[in-house]
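>>> Test case, fold it:
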Amino acid sequence: MYGAILGDIAGSRFEFTRPEKFDWRSEELFGAMSKYTDDTVLTVATKYAVITGVPYFRAYQRFGRRYMQAGYGPMFKSWLHSRSEKGYNSYGNGSAMRVSYIGGHFDTLEEVEREAGLSSMCTHNHPEGVRAAKATAAAVFMARTGASKAEIAYYMRRRYKYTVARPLFLYRPFGKFDVTAMGTMPLALRCFLESEDWESCIRNVYSVRCDTDTVGCIAGGIADAFYGGTGQDEDALLRRFLIRPNRVGVFDTYLYEWAVKTPEEYLREKKEKEEKGET
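So this is what the prediction gives:
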């Protein structure tokens, strides 16, 4: 999951603009203007839902309303304000960017795909939104359980009908900002497939004009699972970017704490509260 969060943060600076002499091969991954976006907030919210058993829609609303300035799309914002439990037929890439923890948590591919589908339905209940969520979580699961890139690519083609054979050099001349699940998934998968490690995966994302934070989040989560880490100082970066002053100037550690909390820590804390009579 850390690879997804850091992929979001690394891609956040280049979602809409790039420096005049931008070089995707050497540009620093994390700069002063880097920040977490809605991708990170909802990725952590998914983890919260899985660990606590809270329904996905409630977790997304809880985190979404707590971090209202994270850069949500207009349809998701309206959904947050409506307090609805039902999806709004979205086929955007938001369902895919938040499911990396599902792919890393559950024990079977069937469980992963079922939970990813459930996580999507409360907002992105269009078939394309559900497909993207399931495919991303499945790719993370396969990557962490020893599948080869060829096996992952084959499953993405056979099960989810994504075209993943198009090389990145054919994407680069025609890259554009595209937030649809259909436009995002083949590119994100290809950025992973042409990588050698997590960093090169993110640089592949940089090499194409696209929705860089979300493509980086999706591809970065898969690469993290496949390579067994990001190769970055993960905790230092998470502390640096996730712990921010809130509206009254107090440092808010809530997002960071849930990003790093393990299920075992949650159960221990829950037991301690119950023993103290706290709810």
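>>> For stretch 210-219, what is the distance to the chain centroid?
With C-alpha atoms, centre = their mean, to the nearest Å as the basis, stretch 210-219 stands 8 Å off its chain's centre.
>>> Tell me which residues of that stretch come out buried.
Neighbour counts over stretch 210-219 (16 or more other C-beta atoms under 10 Å) mark 210, 211, 212, 213, 214, 215, 216, 217, 218, 219 as buried. Using the backbone N, CA and C atoms, a C-beta is placed for each residue, glycine as well.
>>> Might you specify the subset of those located within strands?
If you go by DSSP state E, those have nothing in strands.
>>> between these, which is nearest residue 88?
When the buried residues of stretch 210-219 are compared for distance to residue 88 (C-beta to C-beta), residue 214 wins out at 18.1 Å.
>>> What does the pLDDT read for the closest one?
At residue 214, the model reports a pLDDT of 97.
>>> Surely it is in contact with residue 98?
No. Using C-beta atoms under 8 Å, residue 214 is not in contact with residue 98; the gap is 9.8 Å.
>>> any common contacting residues for those two?
residue 39 (C-beta atoms under 8 Å, 6 or more residues apart in numbering).
>>> Excluding chain neighbours, what is closest to residue 254?
residue 66 (7.1 Å; C-beta to C-beta, 6 or more residues apart in numbering).
>>> For that neighbour, the count of nearby residues, please.
By other C-beta atoms under 10 Å, the residues close to residue 66 number 14.
>>> distance of it from residue 268?
24 Å (C-beta to C-beta, to the nearest Å).
>>> would you list every one of the strands in the stretch 151-279 of the chain?
With DSSP state E, counting those that start in this stretch as the criterion, the stretch 151-279 of the chain has strands at 244-245, 251-252.
>>> By mean pLDDT, show me the worst of those strands.
Across the strands of the stretch 151-279 of the chain, the lowest-scoring stretch is strand 244-245, with a mean of 86.
>>> name the helices or strands packed onto it?
Here strand 244-245 touches strand 251-252, going by 3 or more C-beta pairs under 8 Å, 6 or more residues apart in numbering; DSSP states H and E.
>>> try it again with 7 Å
Where contact means 3 or more C-beta pairs under 7 Å, 6 or more residues apart in numbering; DSSP states H and E, strand 244-245 is not packed against any helix or strand.
>>> Look through every helix and strand of this structure and give the one with the lowest mean pLDDT.
strand 244-245 (a mean of 86; mean pLDDT, DSSP states H and E).
>>> who touches it?
251, 252 (C-beta atoms under 7 Å, 6 or more residues apart in numbering).
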